[in-house]
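[1] No sequence on hand, only this structure:
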């Protein structure tokens with residue numbers, strides 16, 4: 001900046017400011033300002049022309065008056081005239097006035113643009129910087145249209161000064177954020193990226209900010225910046241504090257640039273080049289090593305700069321999620337901050353560890369800090385830190401520590417801040433359901449929740465416990481006994497009364513044999529709470545009373561007396577009055593055996609609830625706000641134990657009573673419950689399965705599988721003929737209309753061979769998540785499309801297309817019952833899809849449901865084509881949908897004799913056998929115990945269910961510990977299926 005001469009002090013301005021400060025009242029200030037405004041107005045309108053100094057002084061006074069909060073409606077032209085001055089101070093004041101007071105719709109914009117254009121062309125670096133600052137400060141679309149093409153040229157020009165390049169980069173960043181479509185970067189992209197090699201650190205810092213913003217929209221165009229960013233970061237990290245003296249902040253070299261480079265690298269996946277990746281890993285290790293060194297200064301600025309780089313490094317390590325060693329080291333480093341005296345560091349450490357807990361590489365390392373986190377939950381004085389501690393406990397919970405974490409959160413709930421109690425309640429309810437080893441513990445936990453924080457237990461929580469108790473025969477008696485004891489407390493929350501009323505009305509007979517909980521005692525206990533409850537709870541209790549008449553006829557007279565009471569028959573609330581009248585009439589008409597049977601039928605025990613979507617997790621996500629989905633629902637499973645909530649155990653109890661908590665994450669729909677089929681021996685079941693004949697005909701009547709794909713009602717047609725018309729699939733692209741799958745499509749598909757939930761695809765624009773479930777030959781898949789940008793997606797169109805032999809009939813809407821889907825004669829899959837909204841707002845998520853039926857065995861998965869427009873540019877990608885043949889496995893139990901009998905029958909057919917080290921968990925077949933003579937071997941059996949036929953599958957795993965090899969032999973009745981299943985397993989390694 002040029003030196004300011006002594007005469008530029010503007011004494012008149014100093015006197016005016018002094019007068020304003022010396023005013024004793026607001027009225028005196030306004031009087032002085034009005035006097036000055038009149039003087040300035042007369043000077044501007046006078047016949048005598050003002051020199052540059054006077055204009056500058058008066059414009060400064062107007063600017064000061066505006067900053068005091070007074071309106072200024074003149075002087076704009078004088079400010080514009082200052083732009084043509086050759087003196088720095090006059091031009092500076094003119095640009096300052098314009099930046100603050102000139103509206104983007106002003107009539108003077110054209111004159112201002114001409115002055116700016118002259119300064120940009122002057123090649124005077126000082127004037128060019130002033131002009132660029134003005135463009136950035138105003139940032140209007142008009143200025144963007146006028147200068148968007150000139151600024152990139154100035155930025156990459158070889159003769160531009162470093163200060164001009166800095167200003168140009170930041171100015172271009174401002175225009176891009178205001179109007180992304182106005183910044184053409186085609187021919188300038190490579191030269192802008194090359195600025196990362198500039199000698200001037202200020203230019204590099206500004207360029208990194210610009211590139212980070214630009215690459216979020218066009219990541220492929222700026223992919224070359226990865227190697228340059230890694231190289232620059234390596235030079236900074238390995239340098240000493242004396243090497244970059246001008247950019248060293250309290251012994252930390254270039255901390256701001258380091259943080260920006262680390263954030264830039266988080267815009268991309270790990271580098272593909274081995275040398276670049278190795279250099280980056282070395283940089284990250286160096287940062288972690290420096291964090292262990294003693295501080296070079298005791299000042300807080302030094303620790304802040306050092307920790308800023310460290311936390312950004314850990315964020316990059318978490319983003320890559322591919323280096324187990326770095327993830328564990330990052331976890332250990334964060335663990336040291338958990339007991340740091342600085343509150344902000346403890347908060348950041350807890351927040352980062354929440355993300356680390358979702359990684360399979362670092363989850364166990366995070367669990368080692370459980371005692372420290374529990375102590376933070378108890379002792380932290382800052383409520384925000386306590387909330388992060390609760391989040392971390394929730395994230396690190398698995399089957400091994402669920403009881404400890406739930407008990408600690410319950411204990412904390414008694415003294416928790418009111419602002420986070422509801423969130424703690426939801427988390428405890430989710431963890432208790434997800435990791436319940438036995439459902440008696442789950443019932444105890446929910447009842448404790450109601451006792452401790454009943455006001456914060458939402459309907460979703462106690463609805464869920466009623467659903468689970470109703471569906472689980474083995475816990476109904478315990479639940480009735482426990483809730484009966486809980487109701488005996490003098491002070492009982494109303495939610496406890498609701499739960500108790502429902503459970504005793506349904507299952508009170510299970511504890512009626514004990515004199516301490518006889519039917520009259522149960523009724524008296526419930527009725528003692530009646531007058532203290534709200535109308536909704538009283539209505540529920542009246543329903544319980546009429547249920548008691550059916551369960552316990554000896555209580556009929558007492559209950560009829562309550563229903564006849566004037567307080568019920570003449571109740572001011574219509575709902576209570578109607579229930580009392582109807583229930584009294586219903587109990588009085590049962591005078592004959594026929595009417596008694598009718599009453600028993602009407603009041604019989606509630607049937608099992610359908611396994612519908614659990615709303616507890618959805619409620620927690622709404623409380624956490626957008627962006628919490630991945631942290632709350634990472635799909636992580638505990639492979640070391642049976643999952644009674646989500647796994648399928650081939651036992652009679654699992655078949656007869658479906659696990660209601662298997663739907664914790666909302667993956668299942670609501671098929672109506674059905675009685676189990678007649679039990680078959682394992683040997684009989686496989687007699688026809690291993691032949692090539694068609695499958696056995698299903699029994700009459702709807703089954704859960706038949707209802708699985710028909711739960712959602714079809715949309716109402718516009719006319720009766722529309723029901724009979726075939727859907728027109730011409731609107732959706734066929735296999736020839738879409739591009740080939742992306743190069744990593746096979747790798748993404750292989751991740752889902754042994755699991756059903758997770759993120760299928762993610763880049764800077766779009767995230768596609770998958771949740772799916774398969775039963776026999778039927779499946780339902782939920783696809784979640786998330787817009788990661790702030791710009792709306794236009795013409796959004798995801799389509800499922802079948803390649804080659806897999807071609808079949810695809811419905812673009814739900815098919816009508818009168819016009820079912822008619823697959824081709826040799827079709828292998830039938831897929832029903834539902835169109836999604838064509839517009840996806842920034843930060844929003846849309847869901848698409850796919851109903852899938854396996855008609856025949858298949859080897860090629862369907863393709864998912866996603867097309868949309870982002871910022872006017874068309875985007876498209878093609879993925880392989882995670883639907884593989886093993887998804888239709890049905891685990892099968894077999895005795896040892898039956899297994900080897902079938903094994904020998906299949907030995908004549910060509911089978912697949914390879915040496916592989918692999919994991920069988922989640923592949924779909926049942927692992928059979930005590931079948932193979934060698935106890936170290938593993939054998940499994942399953943049936944691949946299709947509509948046309950069933951393909952039996954036997955597998956045998958023979959490990960060789962000394963050679964570190966495994967031999968997998970897999971036999972089915974169809975050679976292509978055998979080979980395909982082996983290939984699917986092999987790809988897991």
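    Happy to help now that I have it. Being a predicted model, the structure only gives us computed values, none of them experimental.
[2] Which stretches in the stretch 451-600 of the chain count as helices?
    For the stretch 451-600 of the chain, the helices defined by DSSP state H, counting those that start in this stretch occupy 459-471, 473-487, 494-507, 519-527, 535-551, 556-564, 566-569, 574-588, 593-602.
[3] Redo these as TSV? Include distance to residue 876 and mean neighbour count.
    Where you see a C-beta, it was placed from the backbone N, CA and C, and this is true even at glycine. Output for the helices of the stretch 451-600 of the chain, formatted as TSV (distance: least, C-beta to C-beta, whole Å; neighbours: other C-beta atoms under 10 Å):
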stretch	distance to residue 876	mean neighbour count
helix 459-471	39	21
helix 473-487	51	19
helix 494-507	51	24
helix 519-527	62	17
helix 535-551	52	21
helix 556-564	67	16
helix 566-569	66	13
helix 574-588	55	16
helix 593-602	58	12
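[4] Which one of the ones you listed lies nearest to residue 268?
    Across these, residue 268 has its closest neighbour in helix 459-471 (39.6 Å, C-beta to C-beta).
[5] what's the helix or strand for residue 894?
    Secondary structure assigned from DSSP states H and E places residue 894 in neither a helix nor a strand.
[6] What segments of the stretch 751-900 of the chain are strands?
    Here the stretch 751-900 of the chain has its strands, by DSSP state E, counting those that start in this stretch, at 758-762, 766-775, 778-787, 793-801, 810-811, 829-833, 845-854, 863-870, 873-880, 889-891.
[7] worst average pLDDT in those strands?
    In terms of average pLDDT, strand 810-811 trails the rest of the strands of the stretch 751-900 of the chain, at a mean of 40.
[8] what sits against residue 798?
    When contacts are counted by C-beta atoms under 8 Å, 6 or more residues apart in numbering, residue 798 touches 783, 785, 836, 848, 864, 865, 866, 867.
[9] Excluding covalently adjacent residues, which one is nearest to residue 369?
    In space, and not counting its chain neighbours, residue 369 is closest to residue 335: 4.8 Å by C-beta to C-beta, 6 or more residues apart in numbering.
[10] Does the closest residue to residue 467 other than its chain neighbours lie in a helix or a strand, and which?
    Nearest residue to residue 467 in three dimensions, chain neighbours excluded: residue 609, at 4.5 Å (C-beta to C-beta, 6+ apart). For residue 609, there is no enclosing helix or strand under DSSP H and E.
[11] how much space between residue 609 and residue 459?
    Counting by C-beta to C-beta, to the nearest Å, the gap from residue 609 to residue 459 is 15 Å.
[12] re the thing from before, the residue nearest to residue 369 touches residue 371, doesn't it?
    No: in this structure, residue 335 is not within contact of residue 371 by C-beta atoms under 8 Å, at 10.9 Å.
[13] More neighbours: the two, which one.
    Per other C-beta atoms under 10 Å, whichever of residue 335 and residue 371 has more neighbours is residue 335, with 17 against 10.
[14] Tell me the confidence at that one?
    The model's pLDDT for residue 335 equals 91.
[15] That one - that's part of a helix, no?
    Yes: the assignment for residue 335 is a helix, going by DSSP: H, G, I helix; E, B strand; the rest coil.
[16] Now do it against residue 292, distance only.
    13 Å.
[17] now swap in residue 461 and tell me
    Residue 461 is 45 Å from residue 292, where distance means C-beta to C-beta.
[18] How about residue 25?
    Between residue 25 and residue 292 the computed distance is 61 Å (C-beta to C-beta).
[19] mean confidence score for the helix or strand in which residue 97 is found?
    Following DSSP H and E, one finds residue 97 within helix 88-101. When pLDDT is averaged over helix 88-101, the result is 91.
[20] Show me what counts as buried in it.
    Taking 16 or more other C-beta atoms under 10 Å as the neighbour-count basis, helix 88-101 is seen to contain the buried residues 88-99, 101.
[21] mind giving me CSV with the residues you listed and columns for distance to residue 888?
    Listed next are the buried residues of helix 88-101 as CSV, based on distance: C-beta to C-beta, whole Å:
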residue, distance to residue 888
88, 77
89, 79
90, 80
91, 75
92, 74
93, 76
94, 75
95, 70
96, 71
97, 73
98, 69
99, 66
101, 70
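[22] which among those gets closest to residue 328?
    Nearest to residue 328 among the buried residues of helix 88-101: residue 99, at 50.6 Å, using C-beta to C-beta.
[23] correct me, but that closest one touches residue 140?
    No: if you go by C-beta under 8 Å, residue 99 and residue 140 don't touch, sitting 11.2 Å apart.
[24] List the residue ranges of the stretch 151-300 of the chain that fall below the pLDDT cut-off.
    Scanning the stretch 151-300 of the chain for pLDDT under 70 picks out the ranges 241-243.
[25] all helices of it, in order?
    For the stretch 151-300 of the chain, helices defined by DSSP H, counting those that start in this stretch occupy the ranges 162-178, 189-193, 201-215, 225-238, 255-265, 274-292, 300-320.
[26] would a markdown table of those with mean neighbour count be doable?
    As requested, those are arranged in a markdown table below (neighbours: other C-beta atoms under 10 Å):
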| stretch | mean neighbour count |
| --- | --- |
| helix 162-178 | 22 |
| helix 189-193 | 18 |
| helix 201-215 | 22 |
| helix 225-238 | 21 |
| helix 255-265 | 23 |
| helix 274-292 | 16 |
| helix 300-320 | 20 |
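[27] got the domain boundaries for the chain?
    Per the record, the chain has its domains at 436-615, 743-809+826-883, 887-987, by the TED database.
[28] quick one: which of the ones you listed is nearest residue 184?
    With C-beta to C-beta as the criterion, residue 184 lies closest to domain 743-809+826-883 of the domains of the chain, at 12.4 Å.
[29] Residue 874: what's its closest spatial neighbour, skipping adjacent residues?
    With C-beta to C-beta, 6+ apart as the criterion, residue 874 has its nearest non-adjacent residue at 7.2 Å, and that residue is residue 867.
[30] Can you give me the neighbour number for the one you found?
    As a burial measure, residue 867 scores 19 neighbours (other C-beta under 10 Å).
[31] With residue 979 instead?
    Residues near residue 979, counting by other C-beta under 10 Å, number 18.
[32] quick revisit: separation between the residue nearest to residue 369 and residue 427?
    Distance of residue 335 to residue 427, given as C-beta to C-beta: 22 Å.
[33] just residue 510 next, same as before
    From residue 510 across to residue 427, the span is 31 Å (C-beta to C-beta).
[34] Neighbour count: the two, which is higher?
    Relative neighbour count places residue 427 above the other of residue 510 and residue 427, with 26 against 18, counting by other C-beta under 10 Å.
[35] Make sure I have this right: that one is in a helix.
    Yes: counting by three-state DSSP, residue 427 is part of a helix.
[36] Does it touch residue 394 like I think?
    Yes: contact criterion C-beta under 8 Å: residue 427 and residue 394 qualify, at 4.7 Å.
[37] Look up how far residue 376 lies from the closest residue to residue 288 other than its chain neighbours.
    Nearest non-adjacent residue to residue 288, counting by C-beta to C-beta, 6+ apart: residue 329, 5.3 Å away. Counting by C-beta to C-beta, the gap from residue 329 to residue 376 is 21 Å.
[38] of the two, who's got more company?
    Neighbours were counted for residue 329 and for residue 376 using other C-beta under 10 Å; residue 376 has more, 24 against 21.
[39] For that one, which non-adjacent residue is closest in space?
    residue 389 (4.3 Å).
[40] tell me the phi and psi of the one you found?
    phi -60, psi -40 (degrees, to the nearest 10).
[41] Would you quantify the distance from it to residue 189?
    Taking C-beta to C-beta, one finds residue 389 at 45 Å from residue 189.
[42] Equivalent analysis for residue 257, please.
    Going from residue 257 to residue 189 by C-beta to C-beta gives 21 Å.
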